[in-house]
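# Got a predicted structure here, sequence first:
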Amino acid sequence: MKRIVIVGATSGIGLEVARLSILAGWRVGAAGRRTEALEALRAEAPAQVEIQSMDITRDDAPELLARLTERLGGMDIYFHASGIGSRNTELRPDIEIATLRTNGEGFVRMVTAAFGYFRGHGGGRIAVISSIAGTKGLGTAPAYSATKRMQNTYIDALAQLSRMEGYGIRFTDIRPGFVATPLLAGDGHYPMLMHTEKVAARIMHVLRHPRRRVVIDRRYAVLVFFWKLIPEWLWERLKIRKND
């Protein structure tokens, strides 16, 4: 029976992946800030689910992750689904800094904690939700796209480190397009919006049949391919934004 720890399991993609993991018969360690949501998830399968309330921007989060992992009986997969982001063309500092703290500082805090666990336990898999926003700097969401690019690069670096040192830690970088989650609620209309259930099902397939990197879905894979071909001078002149 696989043991998966999901950080960011209280809503959106993380919650749906937790439910699919339960259906798959896996043991699930669910973590997030909202205790009530975690307790509701555990009530769906008390024998399979362990929960832990935590805030990844706090210094005690790695210790809480260790406690959750111990109660779960170990960890085979660490799945990082926690993140924030919003449109911020006015460059409000509070929004940009909060995004940096969660998607940058919090991400590094938790992924390195998971790396440390697997390094001491003969390997495992770290899977993270980044975004296609990391492909190019999006003028509508500067901190969000920058932190997603950082996540892409950070995982690349850890994958190389694991290979260099022979730790047996494998990585999966999951890059969805726009998904109908609370993250986008109240922020206008987005093109090619995907349903959470569809994205979660695709992620479960990738966790069962691991890949190093995946863009969800095929439409966004094509979009990202062409984004990469656009030269800088032209990209800066494009109006890449959601439909208001």
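Sure thing, it's come through.
# Which residue ranges of the chain form helices?
Assigned by DSSP state H, the helices in the chain fall at 12-23, 35-44, 61-72, 93-100, 107-119, 142-165, 196-208, 218-229, 232-235.
# which secondary structure elements does the second one contact?
Using 3 or more Cβ pairs under 8 Å, 6 or more residues apart in numbering; DSSP states H and E as the contact test, the elements touching helix 35-44 are helix 12-23, strand 27-32, strand 49-53. Placement of C-beta: from N, CA and C, glycine included.
# Please produce CSV containing the ones you listed, extended by distance to Leu229.
Listed next are these as CSV, based on distance: least, Cβ to Cβ, whole Å:
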stretch, distance to Leu229
helix 12-23, 28
strand 27-32, 38
strand 49-53, 44
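# Pick the most deeply packed of the ones you listed.
Ranked by mean neighbour count, the helices and strands packed on helix 35-44 are led by strand 27-32 with a mean of 27 (mean count of other Cβ atoms under 10 Å).
# Adjacent strands (with direction) for it?
Sheet pairing of strand 27-32 (DSSP bridges) gives strand 3-7 (parallel), strand 49-53 (parallel).
# What's the separation between the residue nearest to Thr99 when sequence neighbours are not counted and Gly137?
Spatial nearest neighbour of Thr99, excluding adjacent residues (Cβ to Cβ, 6 or more residues apart in numbering): Ala143 at 3.9 Å. With the distance defined as Cβ to Cβ, to the nearest Å, Ala143 ends up 10 Å from Gly137.
# more crowded one of those two?
Between Ala143 and Gly137, counting by other Cβ atoms under 10 Å, Ala143 is the more crowded of the two (23 against 16).
# wait, isn't Gly124 in contact with Thr69?
No - in this structure, Gly124 is not within contact of Thr69 by Cβ atoms under 8 Å, at 10.5 Å.
# Identify the contacts common to these two.
When contacts are counted by Cβ atoms under 8 Å, 6 or more residues apart in numbering, Gly124 and Thr69 are jointly contacted by 75, 117.
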